[in-house]
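Peer 1: structure here, sequence nowhere to be found:
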């Protein structure tokens, strides 16, 4: 594990769920923190009786959802910073229409499956004016799945959570790579037509 991971694990043991919530908040804002690993560790610590389970779930949910909400708001206000020629371009209008159609699914899936693209999805949701209630519904449901999935894995496999955390990180990287390759193949096939 890295020095940052060790520091966060020590902090989790010393400061409890509050550190978990704060870390997940900043991770949702795009700061590269080992959020999934920390969530698995918190799950393992709840099984070992070091952390209270309900408090950990609440702190994780509040932190992650608040971070996503803030990044949506950042996207909303950053729209004004885009030049008018970009905001009025046909490609921007197509992106807005596409996000209006598929945005809920992209927000939902990027919470627990394709987490590396969560921040760009949040910023895009905000900048395209995606409806706040639809955004928050997708965020809350996706984050709860992520929290219960990763925290549950840590809780269930309390003695092997570090190894499983490494495996989960590898699988997430593989899924992200597959998604990028599929997107590239789709783009090439579309341009050849």
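Peer 2: Here it is on my side, so go on. Fair warning: this is a prediction, and the values are worked out from it, not measured in the lab.

Peer 1: C-alpha only now, for contacts and for neighbours.
Peer 2: Will do.

Peer 1: pull the residues that contact the one helix or strand residue 36 maps to.
Peer 2: In this assignment (DSSP states H and E), residue 36 forms part of helix 35-47. If you take C-alpha atoms under 8 Å, 6 or more residues apart in numbering as the criterion, helix 35-47 is touched by 5, 8-9, 12, 20, 23-24, 27, 51-53, 56, 60, 147, 150-159, 161-162, 165-166.

Peer 1: same deal with stretch 125-138?
Peer 2: Here stretch 125-138 has contacts from 69, 71-79, 96, 99-100, 103-105, 107-108, using C-alpha under 8 Å, 6+ apart.

Peer 1: list the buried ones in that stretch?
Peer 2: Neighbour counts over stretch 125-138 (16 or more other C-alpha atoms under 10 Å) mark 125-130, 135-136, 138 as buried.

Peer 1: any idea of the mean pLDDT for it?
Peer 2: Averaged over stretch 125-138, pLDDT sits at 92.

Peer 1: start and end of that stretch, how far apart?
Peer 2: The first and final residues of stretch 125-138 sit 11 Å from each other (C-alpha to C-alpha, to the nearest Å).

Peer 1: give the residue spans of the protein that score low on pLDDT.
Peer 2: Applying pLDDT under 70 to the chain flags residues 1, 160-176.

Peer 1: the same query, at a cut-off of 80, please.
Peer 2: Within the chain, the segments meeting pLDDT under 80 span 1-2, 4-5, 79-96, 114, 158-193.

Peer 1: centre of it to the edge, which residue is at the far end?
Peer 2: Most distant from the centre of the chain: residue 193, at 34.6 Å, with distances by C-alpha atoms, centre = their mean.

Peer 1: go through the helix or strand encompassing residue 71 and flag the buried ones.
Peer 2: Using DSSP H and E, residue 71 sits in helix 53-78. Neighbour counts using 16+ other C-alpha under 10 Å place 53, 56-76 of helix 53-78 among the buried residues.

Peer 1: mind checking how far the residue lying closest to residue 59 once chain neighbours are set aside is from residue 126?
Peer 2: Spatial nearest neighbour of residue 59, excluding adjacent residues (C-alpha to C-alpha, 6 or more residues apart in numbering): residue 21 at 4.6 Å. In this view, residue 21 and residue 126 are 23 Å apart by C-alpha to C-alpha.

Peer 1: report the distance from stretch 2-13 to the chain centre.
Peer 2: 20 Å (C-alpha atoms, centre = their mean, to the nearest Å).

Peer 1: I'm done for today, thanks for sticking with me.
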